[in-house]
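Colleague: I would like the atomic coordinates for the input below:
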Amino acid sequence: MRGFFVSTATVRRDWATSKVELLHELVAVSVEQTQTGALQEGDLAMSSTDDLKDLVRRIYRARVEGDLESLMSFLDDDCLFRVVGNQHLAPLTDPVVGAAALRVTMQYLIDNWDMRGIDFVSIHVDGDVALIHRMGRMRFGATEYDTEIMDKMTFENGKLKECVEFVDTLQAAALLDVVKLPARN
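Modeller: A predicted model of the protein is given here:
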């Protein structure tokens with residue numbers, strides 16, 4: 001009987017060692033793919049704060065560079081995007097849902113709201129939610145102005161599921177000719 005237990009212990013030890021070796025191999029391959037760029041957006045669920053922060057930066061880079069196809073590749077098919085504000089700023093504040101509607105909206109934003117002068121202040125991550133604070137110079141048409149923006153991005157399975165954007169709605173309303181701002185002395 002003793003031989004049976006020794007043999008079972010040996011099998012268990014060998015099986016455990018194989019699992020550990022396999023895990024180390026998978027981690028090494030994953031690290032190599034990440035470093036070489038072999039992994040594509042959405043291949044894996046978010047695994048760390050740094051991964052999510054990197055994904056957020058890539059989304060904004062695509063937006064700033066005007067790369068609509070790359071930007072769309074980060075979005076879930078049912079992604080919701082909205083700018084916080086009331087109905088007086090519609091259609092800017094109307095929620096936009098789904099790939100087709102988001103493609104039109106993102107193209108409009110790329111064409112009309114130049115964000116090349118906007119920089120990151122901070123990115124905070126809690127699970128699959130990122131809070132992004134940005135500030136700098138933005139341009140709408142011929143008007144350039146200083147602003148700050150806060151975004152709340154929610155991710156699911158490595159894709160952007162919801163983006164809620166907080167902007168200076170008074171400035172946006174003035175630029176869209178919804179309100180007239182008094183002249184500054």
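
Colleague: three-state assignment of the residue positioned nearest the centre of the chain?
Modeller: Centroid-nearest residue in the chain, with Cα atoms, centre = their mean: Val56, separated by 3.7 Å. The three-state assignment at Val56 reads helix, by DSSP: H, G, I helix; E, B strand; the rest coil.

Colleague: pLDDT-wise, which helix or strand of the protein ranks last?
Modeller: Each helix and strand of the chain was given a mean pLDDT (mean pLDDT, DSSP states H and E); the minimum falls on helix 2-36 at a mean of 41.

Colleague: packing partners of the helix or strand Lys161 falls within?
Modeller: When secondary structure is defined by DSSP states H and E, Lys161 falls within strand 159-166. Strand 159-166 is packed against strand 75-83, strand 143-156, with contacts defined by 3 or more Cβ pairs under 8 Å, 6 or more residues apart in numbering; DSSP states H and E. To be clear about C-beta, it is placed using only N, CA and C from the backbone, and glycine gets the same treatment.

Colleague: identify whichever of those strands lies nearest to Asp114.
Modeller: Closest of the helices and strands packed on strand 159-166 to Asp114 is strand 143-156, at 8.2 Å (criterion: Cβ to Cβ).

Colleague: so what strands line up beside that closest one?
Modeller: Using DSSP bridges, the strands paired with strand 143-156 in its sheet are strand 129-140 (antiparallel), strand 159-166 (antiparallel).
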